[in-house]
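Peer 1: What follows is a protein structure lacking sequence information:
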């Protein structure tokens with residue numbers, strides 16, 4: 001009879017562990033929605049590309065002038 005009690009207790013403790021493992025903790029993260037005007041975003045991207053292109057052109061001119069001088 002002692003064996004049966006131990007078996008029942010082990011089964012119960014095993015069930016408790018399973019219920020703890022199987023029950024996920026749900027956290028709610030608020031979803032933020034942004035409204036983006038596609039054309040204004042495109043214009044901003046184009047402006048940034050033009051700025052970067054200008055900077056790259058400057059760096060290339062500087063590097064090429066250093067190479068030519070040597």
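Peer 2: Yep, it's here. Worth saying up front: this structure is predicted, and the values here are computed from it rather than measured.
Peer 1: Could you pull out the strands in the chain for me?
Peer 2: For the chain, strands defined by DSSP state E do not occur.
Peer 1: Mind naming the longest helix for it?
Peer 2: In the chain, taking DSSP state H as the definition, the longest helix is helix 38-69.
Peer 1: neighbours of residue 46, just the number please.
Peer 2: Residue 46 has 10 neighbours, counted by other CB atoms under 10 Å. C-beta: built from backbone N, CA, C; applies to glycine.
Peer 1: what does residue 68 give?
Peer 2: Neighbour tally, residue 68, other CB under 10 Å: 7.
Peer 1: Tell me the pLDDT of it.
Peer 2: If you check residue 68, the pLDDT there is 79.
Peer 1: likewise residue 3?
Peer 2: 54.
Peer 1: Next: residue 36.
Peer 2: 73.
Peer 1: and the gap between it and residue 60?
Peer 2: Look at residue 36 and residue 60: by CB to CB, to the nearest Å, they are 33 Å apart.
Peer 1: Who has more neighbours out of those two?
Peer 2: The residue with more neighbours, out of residue 36 and residue 60, is residue 60; 10 against 7, by other CB under 10 Å.
Peer 1: any low-confidence regions in the protein?
Peer 2: 1-26, 34, 69-70 (pLDDT under 70).
Peer 1: can you rerun that using 50?
Peer 2: Within the chain, the stretches with pLDDT under 50 are 1.
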